[in-house]
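Novice: Sequence plus the predicted model coming up.
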Amino acid sequence: MQKIKVAQFGLGPIGIESLKLAATQSWLEIVGGVDIDPAKIGRSLAELTGVPTLGGALVYSSLSELFAGVKPDVILHTAGSSAAASFAQVRPALEAGVSVASTCEELIFPALKTPELTAEYDALCRRTGARVVGTGVNPGFVMDVLPITLTGVSRRVDSIYVERVVNAATRRQPLQAKIGSGQDPDAFRAKFAAGKAGHAGFQQSLALLAHAMGWQLDKIEETCEPVIAPGPITTKFFTVAKGQTCGLHQRAIGTVKGEAKLILDLQMFLDAKNPHDTIVIAGDPALHLTLNGGVAGDSATVASLINIVPRLLAAPAGVRLMTELPVPAWVNPAA
């Protein structure tokens, strides 16, 4: 396999793990990183990650600065949840004809909230030959791409239900904060109502499912309630008292002609028992899949980002959906 040059945009926890995994892939060449943190700019990726094989690849303050020295084939983007903000961040790459694989949750189905912007960036990509796709585990796989793939053996699909239970105590600090760890329950509810808490990309997963099924959604209903700690809980990052928020229970329901056809149920809280991912497809045949233990979000997100790179480059130019790319799969460097 010919080497693909990549650069990492965003050097937070996921970005660093992305680099560490990329460094183990013989088919990838890491040429640099981009971050706005002054403490990281100018330093070597080898120093930041502790991976000596990253050599002299440096951290730049912008894509423009990166491109002045090197032009990657793909940008690995791990720097936000908003489609609008992410489009703006990677615009210099798309203008230069460089493709982007992103973990931005809203990019799983950007047209849901930003249809005009999506059309604008799709046109830009088609002009320059670039591609951009949102990927990940949730959204990007467990609650959308995986159930869609399962329907490939269906003669008829009546409804899709997906349940994901995650022990958030095993996850990174930003996620534990995002689910409200240690917050007053009413304060968490207020933050969710203001769009400042909860799991991002939930509605986009629902929209991708509906799009793949050819269903026109009447509406999407989304609710989110705090999970209350039954007693003291201590993680590496938080100490939560009894009665405080230790996570969330978030649901999204998509109705078609008044019928609930799509239901996503996410329970993500500290010390959750029996973590799992379950997909139930009503139809012909009836399908029921459970992944005991669930898919580990952080490590699998990084894997999905790396594995999508060659498939993205093989896709037509434009703003792409995961359902428009070849089936996600591990990349065998010996193949």
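Specialist: Sure, I can see it.

Novice: for the stretch 1-150 of the chain, which spans come out with low pLDDT?
Specialist: Applying pLDDT under 70 to the stretch 1-150 of the chain flags no residue at all.

Novice: can you tell me which residues contact Leu209?
Specialist: Going by Cβ atoms under 8 Å, 6 or more residues apart in numbering, Leu209 touches 144, 147-148, 160, 254, 262. Yep, even glycine has a C-beta here, placed from its N, CA and C like the rest.

Novice: One more pass at 10 Å, please.
Specialist: 109, 143-145, 147-148, 151, 160, 162, 215, 217, 252, 254, 261-262, 264, 323 (Cβ atoms under 10 Å, 6 or more residues apart in numbering).

Novice: Now the buried members of those residues.
Specialist: 109, 143-145, 147-148, 151, 160, 162, 215, 217, 252, 254, 261-262, 264, 323 (16 or more other Cβ atoms under 10 Å).

Novice: Show me these that map onto strands.
Specialist: Judged by DSSP state E, the buried ones among the contacts of Leu209 include 160, 162, 252, 254, 261-262, 264 as members of strands.

Novice: Quick one: those as TSV, columns for pLDDT and distance to Pro72 too.
Specialist: Formatted as TSV, those follow (pLDDT from 0 to 100; distance: Cβ to Cβ, whole Å):
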residue	pLDDT	distance to Pro72
Ile160	99	37
Val162	99	35
Ala252	97	35
Gly254	98	37
Lys261	98	41
Leu262	99	37
Leu264	98	34
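
Novice: Show the end-to-end separation of stretch 163-176, please.
Specialist: Taking Cα to Cα, to the nearest Å, stretch 163-176 runs 19 Å from one end to the other.

Novice: So for that stretch, mean pLDDT?
Specialist: For stretch 163-176, mean pLDDT rounds to 92.

Novice: starting at the chain centroid, how far to that stretch?
Specialist: Remark: stretch 163-176 is offset 14 Å from the chain centroid, using Cα atoms, centre = their mean, to the nearest Å.

Novice: buried sites along that stretch?
Specialist: 163-172, 175-176.

Novice: from these, which two are the most distant?
Specialist: Glu163 and Arg172 (22.5 Å; Cβ to Cβ).

Novice: What ranges does this protein have for its helices?
Specialist: 13-22, 45-49, 63-69, 83-95, 115-128, 145-150, 173-178, 185-193, 202-213, 297-307, 309-313 (DSSP state H).

Novice: which residues sit in contact with the closest residue to Lys40 other than its chain neighbours?
Specialist: Nearest non-adjacent residue to Lys40, counting by Cβ to Cβ, 6 or more residues apart in numbering: Val59, 4.9 Å away. Shown in contact with Val59 (Cβ under 10 Å, 6+ apart): 7-8, 11, 32-35, 37, 39-45, 47-48, 65-66.

Novice: Apply 8 Å and report the result again.
Specialist: 11, 32-35, 40-45, 48.

Novice: again with Ala303
Specialist: 21, 330.

Novice: try 7 Å this time
Specialist: Leu21 (Cβ atoms under 7 Å, 6 or more residues apart in numbering).

Novice: What is the neighbour count of Leu117?
Specialist: 16 (other Cβ atoms under 10 Å).

Novice: and if you look at the one 4 residues further on?
Specialist: When neighbours are counted by other Cβ under 10 Å, Tyr121 registers 24.

Novice: Am I right that it is in contact with Ala88?
Specialist: No: Tyr121 is not in contact with Ala88 according to Cβ atoms under 7 Å; the separation is 9.6 Å.

Novice: can you list the domain ranges for this protein.
Specialist: Using automatic domain parsing, the domain parsing of the chain gives 4-136+299-324, 145-294.

Novice: Of those, which stretch is the most buried?
Specialist: Across these, the average number of neighbours (mean count of other Cβ atoms under 10 Å) peaks for domain 4-136+299-324, which reaches a mean of 20.

Novice: Pull the distance from it to the chain's centre.
Specialist: With Cα atoms, centre = their mean as the basis, domain 4-136+299-324 stands 12 Å off its chain's centre.
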